[in-house]
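Asks: Everything below, folded, please.
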Amino acid sequence: MNSPDFLKPENKEYNKKSLTLAFQKIESDLLTATENYDLTLTCQDFQVPGFDKFTIFEWINFALVHTQRHTHQLNSIYKMLTKI
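Replies: Coordinates of the predicted model:
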């Protein structure tokens, strides 16, 4: 499945520190959501193509699994590049 254009990153230099801080903020927001919201509520604002609307719990799970996927991809790329 290809990403929609609005999800594709810009072709530019990225600052590792600011990205790390942004990810830490997202992590904090997700943890706060688990403590303060009814996780069975369905989110109405966005839908992943091919799926029904997700509950808050499903969105949090999606974020965790998706992050793990991209972390694995980055580690694989790093390992391949350091072999050269």
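
Asks: Show me the helices in the chain, by range?
Replies: Under the criterion DSSP state H, helices of the chain are mapped to 16-36, 56-83.

Asks: Taking the centroid of this protein, which residue is nearest it?
Replies: Residue closest to the average C-alpha location in the chain (C-alpha atoms, centre = their mean): Ala63, at 4.4 Å.

Asks: In space, what's closest to that residue - neighbours in sequence excluded?
Replies: Leu30 (6.2 Å; C-beta to C-beta, 6 or more residues apart in numbering). Backbone N, C-alpha and C define where each C-beta goes, glycine included.

Asks: hang on, that neighbour packs against Asn61?
Replies: No - contact criterion C-beta atoms under 8 Å: Leu30 and Asn61 do not qualify, at 10.2 Å.

Asks: still on that earlier bit, can you add distance to Pro9 and mean pLDDT and give the helices of the chain back as JSON lines?
Replies: JSON lines is the format used below for the helices of the chain (distance: least, C-beta to C-beta, whole Å; pLDDT from 0 to 100):
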{"stretch": "helix 16-36", "distance to Pro9": "10", "mean pLDDT": "94"}
{"stretch": "helix 56-83", "distance to Pro9": "11", "mean pLDDT": "93"}
